[in-house]
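*Asks:* Below is the structure, and that's it, no one-letter string:
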């Protein structure tokens, strides 16, 4: 098992290096740089010399390979450098936003789980009845609605029906939990509904598969309660693929909520992404992409690990 | 002899034609939800093709006398902040959506299938290399890839199509590879190899047609995703540029700003997106069940 874990961890390195090279090159291909953009606002001072001085200060006059090596050397020491736009340390810039994005991702995942598992089980039990169809339509509709639009509809509905607007300024959970939840519950519902769809369908098909197994028939034949069969025998065995789907979606939520954050005026990682690309803030964009890629790969690794732990056959592949 | 051969051929043709009708009928009867989805898709396509005939107004003509007008007999779904007719912009917007949806899905699924099948066929080092390369793209946040492409090339419909297609390719390759792995072990591939066919011929003529089921499933799944992505990018101002009619673009700016006083601006484009994607997903879902119930792609 230990060998398997080490092997998998080592395999993460080439992928991450590939991501690093890709984002590094992509950002350099994008026309314009941070210095030009910063001076664009105050064009009076934008003489050639000033631009050159600023570029030297940021190390942008170095050859590209040297810039890459400097960045890599910093990464190995967990030093992400400073933001080219604000000058603040990148770890600082990200930490502020990370808490918000993490909380939203957790809340959206909870919403998705609370919708997906009961609905999926229900649909499997009532296969090919109108209940099954209704669950299916409900979940496909979730996939079809853009969550940012659903967010707009929520805000509009609250405004028209209750004459109330959710707070638009972020308050950390530990400062004022009520205020914090009153703001974040709406994006969590909008996003969670969308992400429940895949998990619902996965729960349904996994349940259907498990319910056909011999040991379920045995449990029924010996007169076990239906409730007990479902919770102890069926659901437990159907959960693995469902957990996989939910884990992968969680990884995606950590960096993928760019548009929803915009609608709810949330200053999370997604918004930081858009801003950093718009500012051509190379260092910050690179760090963000690497962070999101790392979360994605690491969650994938954990899922594989869970499989290997449960099913020893996979380990020796 | 000649007569008999002709008759046999005619019979065969009739059989085939009936076969198609039968298959369609069977699909509609067994999967009513899928049939509804297909019907909505067809209506959507017709609307896109006939937009210039169907739309009551020009989608880009501004009319400052009728700014933010609520739905009325003159403007069924109201007007936007520039006095443009919302219904006409929705109708023309389906052109953008269908164009983006079909081209992204087709190109993305096709390239992905060719790469995935080749990867499975050649195996070994080639497979490992392609897989690692695809892993990089999979781990890369999709929206950043799109952001970068649009920043490099500028906004506009063809760049949006490119920005959406690129992240689809590795996802398609992944699915195609896993179904091609099983096919590679089939005796007829060995036979083709023994017959001395070239690699290209084996991949394109023998393997690709046999991953058709997963290809079609991917294609229909990508259609809806592409439309949603285009809407998100346009909403961010990174997609189709004004004044082109696009659903995501209609939700941007004034639609949010005036959401309370003019909710029709925010509601109808979102409904159009949802209905279109819903129909594609409904159809794709039923197609998947019909073609291969074992496949559980997302």
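*Replies:* Arrived safely, thanks for sending. Remember, it's a predicted structure, so these values are computed and weren't measured experimentally.
*Asks:* Find the nearest non-adjacent residue to the residue of the stretch 1-150 of chain B found nearest chain A, please.
*Replies:* When distances are taken as Cβ to the nearest Cβ, the stretch 1-150 of chain B reaches nearest to chain A at residue B:136, 3.7 Å away. C-beta here means a position set from N, CA and C on the backbone, and glycine is covered the same way. If the residues on either side of it in the chain are set aside, residue B:136 comes closest to residue A:18, at 3.7 Å by Cβ to Cβ, 6 or more residues apart in numbering or on different chains.
*Asks:* my guess is the one you found meets residue B:133, correct?
*Replies:* Yes - counting by Cβ atoms under 8 Å, a contact exists between residue A:18 and residue B:133, whose distance comes to 7.3 Å.
*Asks:* Residue numbers of the stretch 1-150 of chain B in contact with chain A?
*Replies:* For the stretch 1-150 of chain B, the contact set with chain A under Cβ under 8 Å from any Cβ of the partner chain comprises B:33, B:132-133, B:135-144, B:147-148.
*Asks:* And the helix or strand containing residue B:91, what's buried?
*Replies:* In the assignment (DSSP states H and E), residue B:91 maps to helix B:86-122. Along helix B:86-122, the positions that meet the burial threshold by neighbour count (16 or more other Cβ atoms under 10 Å in any protein chain shown) are B:86-105, B:107-121.
*Asks:* Check the spacing between residue A:18 and residue A:160 real quick.
*Replies:* Computed with Cβ to Cβ, to the nearest Å, the distance linking residue A:18 and residue A:160 is 49 Å.
*Asks:* ditto for residue A:115
*Replies:* The separation that residue A:115 has from residue A:160, given Cβ to Cβ, amounts to 25 Å.
*Asks:* Name the residue in those two with the higher neighbour count.
*Replies:* Set side by side, residue A:115 and residue A:160 show unequal neighbour counts under other Cβ atoms under 10 Å in any protein chain shown, the larger going to residue A:115 at 21 against 11.
*Asks:* gap between stretch A:261-274 and the chain center?
*Replies:* When distances are taken as Cα atoms, centre = their mean, to the nearest Å, stretch A:261-274 is centred 13 Å away from the chain's centroid.
*Asks:* Repeat that for stretch B:43-53.
*Replies:* Taking Cα atoms, centre = their mean, the mean C-alpha location of stretch B:43-53 is offset from the chain mean by 17 Å.
*Asks:* and the stretch 1-150 of chain A, which residues reach chain B?
*Replies:* A:14-16, A:18-19, A:22-23, A:26-27, A:29-31, A:133, A:136-137, A:140-141, A:143-146, A:148-150.
*Asks:* filter these to the buried ones?
*Replies:* With neighbours counted by 16+ other Cβ under 10 Å, the residues of the stretch 1-150 of chain A next to chain B contain buried members at A:15-16, A:18-19, A:22-23, A:26-27, A:30, A:136, A:140-141, A:143-146, A:148-150.
*Asks:* The closest residue to chain B within the stretch 201-317 of chain A in helix, strand or coil?
*Replies:* Taking Cβ to the nearest Cβ, chain B has its nearest neighbour within the stretch 201-317 of chain A at residue A:293, 4.1 Å off. When the structure is reduced to helix, strand and coil (DSSP: H, G, I helix; E, B strand; the rest coil), residue A:293 reads as helix.
*Asks:* repeat for the one 5 residues further on
*Replies:* Of the three states, residue A:298 takes helix under three-state DSSP.
*Asks:* What is the burial count for residue B:45?
*Replies:* The burial metric for residue B:45, expressed as a neighbour count using other Cβ under 10 Å, is 14.
*Asks:* what's the distance between it and residue B:237?
*Replies:* Distance, residue B:45 to residue B:237, by Cβ to Cβ: 28 Å.
*Asks:* same thing with residue B:165?
*Replies:* From residue B:165 to residue B:237 the distance is 20 Å (Cβ to Cβ).
*Asks:* Show me which of those two is the more surrounded one.
*Replies:* When residue B:165 and residue B:237 are compared for neighbours, residue B:165 comes out ahead with 24 against 17, by other Cβ under 10 Å.
*Asks:* buried sites along the helix or strand encompassing that one?
*Replies:* Taking DSSP H and E as the definition, residue B:165 sits inside helix B:157-184. In terms of neighbour count (16+ other Cβ under 10 Å), helix B:157-184 has its buried residues at B:157, B:159-177, B:179-181, B:183.
*Asks:* So what angle separates the directions of it and helix B:86-122?
*Replies:* 40 degrees (axes from the mean of the first three to the mean of the last three Cα atoms, to 10 degrees).
*Asks:* what does the next helix or strand after helix B:157-184 contact?
*Replies:* Scanning forward in sequence from helix B:157-184, with DSSP H and E defining helices and strands, the next element found is helix B:187-194. Contacting residues not belonging to helix B:187-194 are listed as B:183, B:201-202, B:206-207 [Cβ atoms under 8 Å, 6 or more residues apart in numbering or on different chains].
*Asks:* Just the angle for helix B:187-194 relative to helix B:86-122, thanks.
*Replies:* Taking the same axes, to 10 degrees, one finds that helix B:187-194 is oriented at 70 degrees with respect to helix B:86-122.
*Asks:* hmm, back to that, just checking, which of the residues of the stretch 1-150 of chain A next to chain B belong to helices?
*Replies:* Of the positions in the residues of the stretch 1-150 of chain A next to chain B, A:14-16, A:18-19, A:22-23, A:26-27, A:29, A:133, A:136-137, A:140-141, A:143-144, A:148-150 sit in helices, assigned by DSSP state H.
*Asks:* for residue B:177, what are its contacts?
*Replies:* When contacts are counted by Cβ under 8 Å, 6+ apart, residue B:177 touches B:116-117, B:119-120, B:127, B:131.
*Asks:* swap the cut-off to 10 Å and go again
*Replies:* With contacts defined as Cβ atoms under 10 Å, 6 or more residues apart in numbering or on different chains, the neighbours of residue B:177 are B:112-113, B:115-121, B:127, B:130-131, B:134, B:211, B:214.
*Asks:* next one: the helix or strand residue B:269 falls within to chain centre, how far?
*Replies:* When elements are assigned from DSSP H and E, residue B:269 belongs to helix B:264-291. Averaging C-alpha positions (Cα atoms, centre = their mean) puts helix B:264-291 11 Å from its chain's average.
*Asks:* do that helix and chain A meet?
*Replies:* Yes - Helix B:264-291 is in contact with chain A by Cβ under 10 Å from any Cβ of the partner chain, via B:266-267, B:269-271, B:273-282, B:284-286.
*Asks:* Please point out which parts of stretch A:303-311 sit buried.
*Replies:* Using 16+ other Cβ under 10 Å as the burial criterion, the residues of stretch A:303-311 that qualify are A:303, A:305, A:307-308.
*Asks:* Need those in a markdown table (columns: pLDDT and distance to residue B:233).
*Replies:* Conversion of the buried residues of stretch A:303-311 to a markdown table gives the following (pLDDT from 0 to 100; distance: Cβ to Cβ, whole Å):
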| residue | pLDDT | distance to residue B:233 |
| --- | --- | --- |
| A:303 | 82 | 29 |
| A:305 | 81 | 35 |
| A:307 | 75 | 35 |
| A:308 | 73 | 38 |
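*Asks:* and the two most separated of the residues you listed?
*Replies:* Of all pairs drawn from the buried residues of stretch A:303-311, the greatest distance, 9.8 Å, lies between A:303 and A:308 (Cβ to Cβ).
*Asks:* Just the mean pLDDT for stretch A:37-45, thanks.
*Replies:* This predicted structure assigns stretch A:37-45 an average pLDDT of 64.
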